[in-house]
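A.B. asks: Predicted coordinates and the sequence they were generated for:
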Amino acid sequence: MNRFALVYVCALILGIMFKGMAGEGAPDAAMAAAMEKMKPGKEHEGLKKLEGVYDVAVKMFMEAGKPPVESKGAAEFKMTMNGRWLKQEYKGEMMGQPFTGTGYDGYDRVTGKYVGVWMDDFSTQMMHSVGTSKDGGKTIEYTGEQGDCMQEGKIVKTKQVHKTVSDDQFIFEMYHTADGKEIKDMELVYTRKK
């Protein structure tokens, strides 16, 4: 089911529920509460602080015990859809080839979780992640799953960690789990251009 259909079905269900509620004012109160959850909140304000253009220093950890492969990139972040989603446009290189990617991060006020999607021109997979924060959004830990491109049909668990260093810098780390061990794949240091 696509997102438009899902929104339509949710609206339809809410409408049916409101018609079945007893008592004057109940539908209005329930609708007001539901509508409030659809608006951006304080978590979105935190994401908005990341708007801007960044230089990115990238480290890819290809083999255990060996130095990482380093490269550079650039990223631009901008809030979209009336402050609900932080869009990232990224350009750099991957394994010596030009690389571009687009990501969206947001906060689902209904589930109380950070959510993110990522797509790029290096893969046909779209990464979906769900995250939580214990420190008001300074550190967000996302988890997800994706197909293992080296072993068809195998699914691997993923983790991404966003760590705020300062107003002008943050670190984004990526991990996957193999044979019960968590392995660091990448580290990206984003530094805001002045």
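C.D. replies: The structure has been received and is ready for your questions.
A.B. asks: Residues in a beta bridge with the residue lying closest to Gly73 once chain neighbours are set aside, which ones?
C.D. replies: The shortest distance from Gly73 to any non-neighbouring residue, by Cβ to Cβ, 6 or more residues apart in numbering, is to Gly92 (2.5 Å). Glycine gets a C-beta too; all of them are placed from N, C-alpha and C. For Gly92, the beta-bridge partners under DSSP bridges are Phe99.
A.B. asks: try Ser166
C.D. replies: The partner residues for Ser166, given DSSP bridges, come to Gln169.
A.B. asks: quick one: contacts for Met186?
C.D. replies: Val58, Lys59, Met60, Phe61, Phe172, Glu173, Met174 (Cβ atoms under 8 Å, 6 or more residues apart in numbering).
A.B. asks: Identify the residues contacting the strand or helix carrying the fifth one?
C.D. replies: What it means is Phe172. Per DSSP states H and E: Phe172 is located in strand 169-178. The set of residues external to strand 169-178 that reach it, using Cβ under 8 Å, 6+ apart, is 50, 156-165, 182-192.
A.B. asks: Describe which strands the helix or strand that comes right after it pairs with in its sheet and in which direction.
C.D. replies: Next in sequence after strand 169-178, counting helices and strands by DSSP H and E, comes strand 181-192. Strand 181-192 has its sheet partners listed here by DSSP bridges as strand 52-60 (antiparallel), strand 169-178 (antiparallel).
A.B. asks: can I get the ones you listed in CSV with mean neighbour count?
C.D. replies: Shown next, in CSV, are the strands paired with strand 181-192 (neighbours: other Cβ atoms under 10 Å):
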stretch, mean neighbour count
strand 52-60, 16
strand 169-178, 16
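A.B. asks: Turn those strands into JSON lines, including distance to Gly96.
C.D. replies: Shown next, in JSON lines, are these (distance: least, Cβ to Cβ, whole Å):
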{"stretch": "strand 52-60", "distance to Gly96": "11"}
{"stretch": "strand 169-178", "distance to Gly96": "19"}
